[in-house]
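1. no sequence for this one, just the structure:
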């Protein structure tokens, strides 16, 4: 069979590797280290690259192509990888089956400010927002209703640790302060009205499109826990068959207008009071963090993306299994009654047939937890003092006059 090269070592890549391997597809992993969740999986062959972004990644992929000796399907797992590969298509297309939106569309969809403008132009429902760039005045925020969420337009800056990720601000003064701080490192900042809701009001679609922008696979999911809450990555999620029709229609509109090609996703938030769904952001040219939930429920998105890239027919998907939940770590547990009785929770790291990623997860957890425990043990606690006794009041009287 034609092999597939999965790029990256984090949990996203691990889920993709396991999904592809379960379909009997030979998997190579391009990563800069073995000591990562995907690199320790027994279900792929590790091939080292000097970097996972920029020119180092491109050169590494060209070297891997020579070692494999045949053209392979390429599946990416991070935004920085998408940027590097999209900009080097001419060099890579001779060695890999690439499925990406056009280079122009990648640029539009990867930038939060450009995506906001694009979504408004095509009529995609998005929260009302203001973009603060070099020529914008903070007074523009006056038109927004508080609270808001403040985001750097360039996600690469967040991934590089240069600027904070999305931050909620509850007042206009706080929004201005957060935006001012972000603009010290980011030339463009998006300030978006907050959509009232909780973690479990966040939904998503995961999909694959062929070269004619036709959706060949689509899965609808729902987040149950985010880390950090409300603005963070998926910690626990399930299928959302009850909202599939509504979110599939919005996804189809997005795919049609953008002429989307390849693997991708959309994140939605449902307004707690109105019930309306709005698009929060797209996932472009890569697998999503929680991609494996689709496979566990019966829609193997990575395997379908592989077959679509090769031009092979895709079999119709069987009925979705709604009794499975995926979680990013054993640390996350749903509150009582949040999941239907009998729901099976599958950990992103731990698998009996593929144990090392789970061992690695435990090691990282212990290494992170140990300093905090030691600090707590050796910090001197203030000695308890006996309760102060009231000072007796001495009554005095004046003698004489």
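-> It's in. For clarity, every value in this text was computed on a predicted model and none was experimentally measured. Numbering: from 1, shown residues only.
2. ranges for the helices of the stretch 201-350 of the chain?
-> 244-258, 292-297, 301-309 (DSSP state H, counting those that start in this stretch).
3. next one: the stretch 1-150 of the chain
-> 11-22, 54-68, 79-87, 89-92, 103-110, 112-122.
4. need those in JSON lines (columns: mean neighbour count).
-> Placement of C-beta: from N, CA and C, glycine included. Shown next, in JSON lines, are the helices of the stretch 1-150 of the chain (neighbours: other Cβ atoms under 10 Å):
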{"stretch": "helix 11-22", "mean neighbour count": "26"}
{"stretch": "helix 54-68", "mean neighbour count": "16"}
{"stretch": "helix 79-87", "mean neighbour count": "21"}
{"stretch": "helix 89-92", "mean neighbour count": "14"}
{"stretch": "helix 103-110", "mean neighbour count": "17"}
{"stretch": "helix 112-122", "mean neighbour count": "17"}
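5. residue 216: which of these is closest?
-> The closest of the helices of the stretch 1-150 of the chain to residue 216 is helix 11-22. By Cβ to Cβ, the value is 15.6 Å.
6. helices and strands around the closest one, which ones?
-> strand 4-7, strand 27-31, helix 292-297, helix 301-309 (3 or more Cβ pairs under 8 Å, 6 or more residues apart in numbering; DSSP states H and E).
7. now do it: distance to the chain's middle.
-> Centroid separation between helix 11-22 and its chain, computed with Cα atoms, centre = their mean, to the nearest Å, is 15 Å.
8. what sits up against it?
-> When contacts are defined by Cβ atoms under 8 Å, 6 or more residues apart in numbering, helix 11-22 is touched by residues 4, 6-7, 27, 29, 31, 37-38, 41, 43-44, 75, 77-78, 286-292, 295, 300-303, 306, 328, 348-349, 351, 354, 357.
9. kindly report the same for stretch 224-234.
-> 149, 165-168, 198-200, 202, 204, 223, 235-238, 289-290, 325, 327-328, 332, 334, 338-339.
10. now for residue 312, how many residues are close by?
-> 11 (other Cβ atoms under 10 Å).
11. select only the buried ones of the contacts of stretch 224-234 in ChimeraX?
-> Listed next is the ChimeraX selection for buried residues among those, using 16 or more other Cβ atoms under 10 Å:
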select :149,166,167,168,199,200,202,204,223,235,236,237,238,289,290,325,327,328,332,334,339
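12. among the contacts of stretch 224-234, which ones are in strands?
-> Per DSSP state E, strands hold the following members of those: 149, 167-168, 202, 204, 223, 235-238, 325, 327.
13. check contacts around residue 243.
-> By Cβ under 8 Å, 6+ apart, residue 243 lies in contact with 203, 220, 222, 277.
14. could you rerun that using 6 Å?
-> residue 203 (Cβ atoms under 6 Å, 6 or more residues apart in numbering).
15. could you check how far it is from residue 323?
-> Residue 243 sits 17 Å away from residue 323, going by Cβ to Cβ, to the nearest Å.
16. repeat that for residue 248.
-> Residue 248 sits 21 Å away from residue 323, taking Cβ to Cβ as the criterion.
17. residue 350 now?
-> Counting by Cβ to Cβ - residue 350 and residue 323 are separated by 19 Å.
18. over to residue 12?
-> 24 Å.
19. on that earlier part again, need the helices of the stretch 1-150 of the chain in CSV with distance to residue 362, can you?
-> Output for these, formatted as CSV (distance: least, Cβ to Cβ, whole Å):
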stretch, distance to residue 362
helix 11-22, 14
helix 54-68, 29
helix 79-87, 27
helix 89-92, 37
helix 103-110, 34
helix 112-122, 35
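20. residue 165 contacts residue 158, correct?
-> Yes. With contact defined as Cβ atoms under 6 Å, residue 165 reaches residue 158; the gap is 4.8 Å.
21. spit out the contact partners of the residue lying closest to residue 285 once chain neighbours are set aside.
-> Nearest-residue entry for residue 285: residue 82, 4.0 Å, with adjacent residues in sequence omitted and distances by Cβ to Cβ, 6 or more residues apart in numbering. Listed by Cβ under 6 Å, 6+ apart, the contact set of residue 82 reads 76, 285-286.
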